[in-house]
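[1] Got a predicted structure plus its sequence, pasted below:
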Amino acid sequence: MNTGGFSIEHLGLAAFGLFLMVTVVLDVCMIVSLARPGDERRQLMVWKAGTWTLVGTAGSLVISIVECIVQNRAVAVNPFIVLSTASIMYFVLLLFYRRKYGG
């Protein structure tokens, strides 16, 4: 029965759409941030955030591979989830290092 208002399904779809838009913006900002030159302090913050993001992403992929080997199934990695997690991790770490180094 349609009551004309928002249902739980509509709310979930709207939340996913918002998450998708935020993730796309974060991905574009991450690429721009990595490509943009800056002074030495900014380069240090970007380098550290990028390094720990790579370590976290590679670590999660290694854990996924080991899990699939142990469970004897094919490796199934969703690139959307990996990219979303990497972009969120990068910006959290970048904010941390900006606060730490005063950028």
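    Looks like it came in fine.
[2] rest of the way, CA atoms for contacts and neighbours
    Will do.
[3] residue boundaries of the helices in this structure?
    For the chain, the helices defined by DSSP state H cover 8-35, 40-70, 79-101.
[4] CSV please, covering those and showing mean neighbour count.
    Output for these, formatted as CSV (neighbours: other C-alpha atoms under 10 Å):
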stretch, mean neighbour count
helix 8-35, 13
helix 40-70, 15
helix 79-101, 16
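[5] Can you lay out those helices as CSV showing mean pLDDT?
    Shown next, in CSV, are the helices of the chain (pLDDT from 0 to 100):
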stretch, mean pLDDT
helix 8-35, 87
helix 40-70, 91
helix 79-101, 90
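[6] wait, Arg98 sits on Val46?
    No - the pair Arg98 and Val46 fails to qualify as a contact (C-alpha atoms under 8 Å) at a distance of 9.1 Å.
[7] How far does stretch 54-63 sit from its chain's centre?
    Distance, stretch centre to chain centre, for stretch 54-63: 12 Å (C-alpha atoms, centre = their mean, to the nearest Å).
[8] Need the residues that contact it.
    The contact list for stretch 54-63, computed with C-alpha atoms under 8 Å, 6 or more residues apart in numbering, reads Val77, Val82, Thr85, Ala86.
[9] Alpha carbons of it, as CSV, please.
    Extracted C-alpha coordinates of stretch 54-63, given in CSV (Å, rounded to 0.1, in the frame of the first residue of the first chain):
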residue,chain,number,x,y,z
LEU,A,54,48.3,2.2,0.4
VAL,A,55,49.3,0.1,3.4
GLY,A,56,45.6,-0.2,4.6
THR,A,57,44.3,-1.0,1.1
ALA,A,58,47.0,-3.5,0.4
GLY,A,59,46.6,-5.1,3.8
SER,A,60,42.8,-5.5,3.3
LEU,A,61,43.4,-7.1,-0.1
VAL,A,62,46.0,-9.5,1.3
ILE,A,63,43.5,-10.5,4.1
